[in-house]
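J.: Can you look at this prediction? I've put the sequence above it.
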Amino acid sequence: MPPAVVLVTGVSRWLGGALAAELAADPSIGRVIGVDSVPPGPEVLPRLGRTEFVRADIRNPLIGKVIASAGVDTVVHMNISSTPGGSGGRTSMKELNVIGTMQLLAACQRAPSVRRLVLKSTSAVYGASPRDPAVFTESMQARRVPGGGFAKDSLDIEGYVRSFTRRRPEVDVAVLRFTNFIGPRIDSLLTGFLRMPVVPTALGFDARVQLLHEDDAVAVLVQATTGDFAGTVNVGAPGTVLLSQAIRRLGRVALPLPSAAMGPLGRLTRQAGITDYSPEQMRFLNFGRVVDTRVLREEFGYTPRFTTEQALADYARTVAPVVGPELVGGVAAAAEHVVGQVATLIEDVGSLAGGRRRPGTPVAAGLRAVRDA
C-alpha cells in the first residue's frame, strides 16, 4: 500500500525538494508535507507542486504536533547538514543534526500513526584511513572512527535510529548510506571542491572516488519511501575514478602539496567561504572510500542509471574548464617547475644561514617532493 501521508524534513534544500516534488506527483499518495526552518528558495518552490510546506524547526518539540495532527505514516529525514558554514557554525550544525534528530525520533515514537521511517545517511560513517578495506559492506564498521564533524554526527544519528527501532519494532526503518552526490543541479561538498580552478591535493595520495548521480539519489529516496525495504543499504554508482582523473576531466589543475600544508589550507578556504575543506573531507580525499552495492541491487531492487564515470561526465557538462585537455599537462608541468625553484631557493637560504649546505628544510623537502613527483 502506498503511504497516505508523507513528511519530508529539509525540504528547502535541493535534494529534499526534489524528493517532495516526485512524491507530490504520485496520485496514489494522499498528502506530502514538507518541513524546514527556512522557506524554499525560488529554485525549489516551483517544483513542489501540491506539497504542503510547514515552517518548523525539528529541534523544537512542536514537530510532534505536526506529525500527530496530520496523521503522518511515513517520515523521511533529510534535514541533516554536512557543512558548518551552511548551518551557522559547527555548534549549530551539531544541534540541527543530533538534537534535531532526537526530537524528530521522539515525535515519531509518540505518534501511533507512524509506520515507516527513512533516514538519509552517508557512507562517511565508514570513515577514511589507510587501514580501510578495498570495499565496505553494510556489516562493516569504520577502521578509524570519525572524531567529529558530519561523519561523527551521522554515526550518532544512526545510533539513535537503532534505539528507535528497539522501542518501536513495528515501524519499518530504512537507512540509506549515500556516497558523494554529483550532478548539474545539486550542491555538495565534493562539487564545491571540484569547482575550484586549482584543486589542492595531498602529495603522494590519489584517492578512489565513488559517486552517485543526483537523479539516482532521488529515485532511491522515492523507492525507499514508497517501498517496503527495511534495513541498511549502501547507495552508490558502479565503478570508481581516481581523484586525479576527476580533476583532469573537469579541466581543473591539481596542485599537490605536502600533507602538513593541507590543514592550514583547509582553514583558509573555510574562512574565505570558498569550500568547506574540513579535516574529515581531507582524509576522504587522501584515502578515498568505496562501498559494496550488492544489497542495493539485489535486496533493495535498484540499479543506478549512471555509473560513476557517467555521473562525472554529466556534471562536467555544466562546468566550464579552466584549461583545455591539451593544456592540462603543460600547466601542471609549469606549476611543478615553479615549486621546484621555490624549494631550491629555500634550501639555498637555509644553507647560507647555517654556514653549511643542508639537505633541506621540511618545507623545502616537501616542495622538492612535489617537483620530483
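T.: That came in fine, so what should we check first?
J.: so who does the nearest residue to Asp228 once chain neighbours are set aside touch?
T.: Nearest residue to Asp228 in three dimensions, chain neighbours excluded: Asp172, at 6.7 Å (C-beta to C-beta, 6 or more residues apart in numbering). Heads up, the C-betas are built off the backbone N, CA and C, glycines and all. Residues near Asp172 by C-beta atoms under 8 Å, 6 or more residues apart in numbering: Arg115, Arg116, Leu117, Asp228, Ala230.
J.: what sits against the third one?
T.: With contacts defined as C-beta under 8 Å, 6+ apart, Leu117 is in contact with Thr74, Val75, Val76, His77, Cys108, Val161, Phe164, Val171, Asp172, Val173, Ala174.
J.: Could you pull up the mean pLDDT of the strand or helix carrying it?
T.: Secondary structure from DSSP states H and E places Leu117 in strand 116-122. For strand 116-122, mean pLDDT is 97.
J.: which residues sit against the very next helix or strand once past that strand?
T.: Remark: after strand 116-122, the chain's next helix or strand is helix 149-167, criterion DSSP H and E. Contacts to helix 149-167, defined as C-beta under 8 Å, 6+ apart, come from residues 80-84, 90, 93-94, 97-98, 101-102, 105, 108-109, 117, 119, 121-122, 124-125, 127, 142, 145-146, 171, 173, 175, 278-280.
J.: Go ahead and build a ChimeraX selection from the buried members of those residues.
T.: Here is the ChimeraX command that selects only those of the contacts of helix 149-167 that count as buried (16 or more other C-beta atoms under 10 Å):
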select :80,81,82,83,84,90,93,94,97,98,101,102,105,108,117,119,121,122,124,125,127,142,146,171,173,175,278,280
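J.: quick one: the strands in the chain?
T.: All strands of the chain, identified by DSSP state E, fall at 5-9, 31-36, 52-55, 74-77, 116-122, 172-178, 180-182, 198-202, 208-209, 211-213, 231-235, 241-242, 253-257.
J.: can you give me the angle the second one makes with strand 5-9?
T.: Looking back up the chat, that one is strand 31-36. Here strand 31-36 runs at an angle of 20 degrees relative to strand 5-9 (axes from the mean of the first three to the mean of the last three C-alpha atoms, to 10 degrees).
J.: Name the strands paired with strand 31-36 and say parallel or antiparallel.
T.: strand 5-9 (parallel), strand 52-55 (parallel) (DSSP bridges).
J.: What's the separation between Ala260 and Arg208?
T.: Applying C-beta to C-beta, to the nearest Å, the value for Ala260 to Arg208 is 24 Å.
J.: Likewise for Arg283?
T.: Taken as C-beta to C-beta, the span from Arg283 to Arg208 is 14 Å.
J.: higher neighbour count, those two?
T.: Set Arg283 next to Arg208 and count neighbours by other C-beta atoms under 10 Å: Arg283 wins out with 23 against 17.
J.: Tell me who's in contact with that one.
T.: So Arg283 contacts Gly127, Ala128, Ser129 (C-beta under 8 Å, 6+ apart).
J.: Can you tell me which of the residues you listed is nearest Pro61?
T.: Using C-beta to C-beta, the shortest approach to Pro61 within the contacts of Arg283 belongs to Gly127, at 32.8 Å.
J.: Quick check: Pro3 touching Ile29?
T.: Yes: Pro3 is within contact range of Ile29, at 5.9 Å (criterion: C-beta atoms under 8 Å).
J.: Give me the common contacts of these two.
T.: Common neighbours of Pro3 and Ile29 (C-beta under 8 Å, 6+ apart) are Thr226.
J.: more neighbours, these two?
T.: The residue with more neighbours, out of Pro3 and Ile29, is Pro3; 22 against 19, by other C-beta under 10 Å.
J.: check contacts around that one.
T.: Ile29, Gly30, Asp73, Thr74, Arg116, Thr225, Thr226.
J.: any idea which of those is the one closest to Ala316?
T.: Closest to Ala316, out of all of those and judged by C-beta to C-beta, is Thr225, at 30.3 Å.
J.: tell me, how many neighbours does that closest one end up with?
T.: Thr225: 23 neighbours (other C-beta under 10 Å).
J.: Isn't it up against Lys120?
T.: No: in this structure, Thr225 is not within contact of Lys120 by C-beta under 8 Å, at 10.8 Å.
J.: Need the overlap of contacts for the two.
T.: Common neighbours of Thr225 and Lys120 (C-beta under 8 Å, 6+ apart) are Val76.
J.: ok, and the closest non-adjacent residue to the residue most central in space within the chain?
T.: For the chain, Asn180 is the residue whose C-alpha lies nearest the centre (C-alpha atoms, centre = their mean; 4.7 Å). Spatial nearest neighbour of Asn180, excluding adjacent residues (C-beta to C-beta, 6+ apart): Leu190 at 4.4 Å.
J.: With Arg131 instead?
T.: Closest to Arg131 by C-beta to C-beta, 6+ apart is Arg143, at 4.4 Å.
J.: Angles on the backbone of the one you found, please.
T.: Here is the backbone geometry of Arg143 (degrees, to the nearest 10): phi -70, psi -30.
J.: That one: neighbour count?
T.: 14.
J.: surely it meets Phe136?
T.: No: contact status for Arg143 versus Phe136: not in contact, 9.5 Å apart, counting by C-beta under 8 Å.
J.: who's in contact with the closest residue to Ser113 other than its chain neighbours?
T.: Nearest residue to Ser113 in three dimensions, chain neighbours excluded: Gly71, at 4.7 Å (C-beta to C-beta, 6+ apart). Gly71 sits next to Ala4, Val5, Ser113 when contact means C-beta under 8 Å, 6+ apart.
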